[in-house]
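**Student:** what would the 3D arrangement of this be:
(one chain, ligands or ions: 1)
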Amino acid sequence: MATKSHTVTEVPTNDSPTSANLAATRSAEHKPRLLLMGQKRSGKSSISNVVFHKMAPTETLFIEATTAIKKEAMHSFMEFQVWDIPGQIDYLEPSFDADGIFGGVGAMIWVLDAQDSYLVPILNLVETILHLQQTYPDIKYAVFIHKVDSLTDDFRLDTIRDINQRITDELMDAGLENPPVSFYPTSIFDHSIFEAFSKVIQVLVPQLPTLEALLNTVAAGCRMEKVYLFDVLSKIYIASDTSPVDMAAYELCSDWIDTIVDMSEIYAYQRESEGAGERDGWRQSAESTVGGVRGSSLYLKEINT
Ligand SMILES: Nc1nc2c(ncn2[C@@H]2O[C@H](COP(=O)(O)OP(=O)(O)OP(=O)(O)O)[C@@H](O)[C@H]2O)c(=O)[nH]1
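**Tutor:** Alright, predicted model coming up:
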């Protein structure tokens, strides 16, 4: 696992996008960008808060509507930004500085509330993709079919299939062959949101094939069933070896990271670095092995970048 930190800034939406606000921040915005978009109340801020700020899912009930574009700068193996775009912004309006928002975007996550009527949001999404494809053909799209926890098992599968089919059909009817869209059923009440976010982030990691090859070597060399490279705070995994992802193993690792981080905060001590010339430096890095957890053994090693 790897440590990271993040910072948050806000841009009021009532400012013109050509205003000093955007101009001032633009120089620092060459990092790959990930947009969170969707209808009002679809769950964008909840996702951002649960994944990046460890907010308890039940606390999201009290989140107020977002009125400003919220920017999170993530510092990890790679640096990237997550922008939460308020549902009420009309970004297709001609006066809107689209380049300030969409230029440099690596991936867009469209959050679709699966427990609400989704026909209009689907049309909005399709319109947005078609509009952006002309100018920014490299953007990848991920649809989070969100709040699936509130659907019954049967209804959930039907809903996921229906949404997937409608969006794909609409895009193909509009002439977009092989639309660059992937679909993820998500909920903030389980690990699905972390798993989905991991997959989207991985699209932005240029070193992914190298990392996967290295993790394959670790898995083979240490006879490990599955190896993940996690971001500690968000519990997003940046890469894993190329064997199929096992959701149960991912959840186990994710819960174990939580436990270790909590215990480290209480009991960790500072160790003097053993490296020559680093005697004055201090190094903190967690390491843990545990056996017999649902028939598995877990090994965790923190890497500081
Ligand atoms: N059942 C369920 N409710 C969720 C989930 N995610 C978010 N919610 C709820 O959805 C409501 C709206 O969430 P927000 O995060 O404020 O939505 P938003 O998209 O940021 O809304 P705007 O700021 O208006 O754009 C809140 O009451 C959340 O508790 C989920 O996975 N399942």
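**Student:** so where's this structure shaky on pLDDT?
**Tutor:** 1-31, 76-78, 269-284, 305 (pLDDT under 70).
**Student:** show me where it has its strands.
**Tutor:** Counting by DSSP state E, the segments of the chain that form strands are 5-12, 33-38, 68-75, 79-84, 105-113, 140-146, 181-186, 228-230, 237-240, 271-272, 282-283, 287-293, 296-301.
**Student:** so what are the domain limits for the protein?
**Tutor:** As assigned by the TED database, the chain contains the domains 30-204, 208-266+285-301.
**Student:** and the longest one, is it in reach of the ligand?
**Tutor:** It refers to domain 30-204. Yes - Domain 30-204 is in contact with the ligand by Cβ under 6 Å from any ligand atom, via 38, 40-46, 60-61, 63, 65-66, 86-87, 146-147, 149-150, 187-189. The C-beta positions use only the backbone N, C-alpha and C, and glycine is treated the same way.
**Student:** put the buried members of the residues you listed into a PyMOL selection.
**Tutor:** In PyMOL, a selection of the buried entries from these looks like this (16 or more other Cβ atoms under 10 Å):
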select buried, resi 38+42+43+44+45+46+60+66+86+87+146+147+149+187+188
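**Student:** just the residues of domain 30-204 next to the ligand: which are in helices?
**Tutor:** Here DSSP state H is the test, and the residues of domain 30-204 next to the ligand give 44-46 as lying in helices.
**Student:** kindly reformat these as JSON lines and extend each row with distance to Ser240.
**Tutor:** JSON lines is the format used below for these (distance: Cβ to Cβ, whole Å):
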{"residue": "Lys44", "distance to Ser240": "26"}
{"residue": "Ser45", "distance to Ser240": "28"}
{"residue": "Ser46", "distance to Ser240": "26"}
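**Student:** so which of the residues you listed is the closest to Thr210?
**Tutor:** Nearest to Thr210 out of those is Lys44 (Cβ to Cβ; 31.9 Å).
**Student:** beta partners of the closest residue to the closest one other than its chain neighbours?
**Tutor:** Nearest residue to Lys44 in three dimensions, chain neighbours excluded: Leu36, at 4.5 Å (Cβ to Cβ, 6 or more residues apart in numbering). In this structure, Leu36 bridges to Asp84, Ile109 when assessed by DSSP bridges.
**Student:** now for Leu36, how many residues are close by?
**Tutor:** When counting by other Cβ atoms under 10 Å, one arrives at 23 neighbours for Leu36.
**Student:** please apply the same query to Gly100.
**Tutor:** With other Cβ under 10 Å as criterion, Gly100 counts 20.
**Student:** what does Glu93 give?
**Tutor:** Other residues close to Glu93 by other Cβ under 10 Å number 8.
**Student:** also the one 5 residues further on?
**Tutor:** Burial of Ala98 is recorded as 17 neighbouring residues (other Cβ under 10 Å).
**Student:** right, and Leu215 touches Ala239 too?
**Tutor:** Yes - with contact defined as Cβ atoms under 8 Å, Leu215 reaches Ala239; the gap is 6.1 Å.
**Student:** so which of the two has more stuff around it?
**Tutor:** Ala239 (23 against 20).
**Student:** count of neighbours near the nearest residue to Gly291 once chain neighbours are set aside?
**Tutor:** Nearest residue to Gly291, sequence neighbours excluded (Cβ to Cβ, 6+ apart): Ser297, at 4.4 Å. The tally of other residues near Ser297 (other Cβ under 10 Å) stands at 11.
**Student:** give the contact list for Ser297.
**Tutor:** 289-291 (Cβ atoms under 8 Å, 6 or more residues apart in numbering).
**Student:** that one and the ligand: what is the separation?
**Tutor:** In this view, Ser297 and the ligand are 32 Å apart by Cβ to the nearest ligand atom, to the nearest Å.
**Student:** could you do Leu252 as well?
**Tutor:** Using Cβ to the nearest ligand atom, Leu252 is found at 21 Å from the ligand.
**Student:** can you give me the neighbour number for that residue?
**Tutor:** Residues within reach of Leu252, counting by other Cβ under 10 Å, total 18.
**Student:** likewise Phe144?
**Tutor:** Applying other Cβ under 10 Å, I find that Phe144 has 28 neighbouring residues.
**Student:** which residues touch the closest residue in space to it that isn't next to it in sequence?
**Tutor:** Take Phe144 and drop its neighbours on the chain: the residue closest to it by Cβ to Cβ, 6+ apart is Thr186, 4.5 Å away. Residues in contact with Thr186 (Cβ under 8 Å, 6+ apart) are 47, 144-146, 148, 192-193, 196.
**Student:** try 6 Å
**Tutor:** Applying Cβ atoms under 6 Å, 6 or more residues apart in numbering, we find Thr186 in contact with 144, 146, 192-193, 196.
**Student:** do the same with Thr159
**Tutor:** By Cβ under 6 Å, 6+ apart, the contact set of Thr159 is 114, 151.
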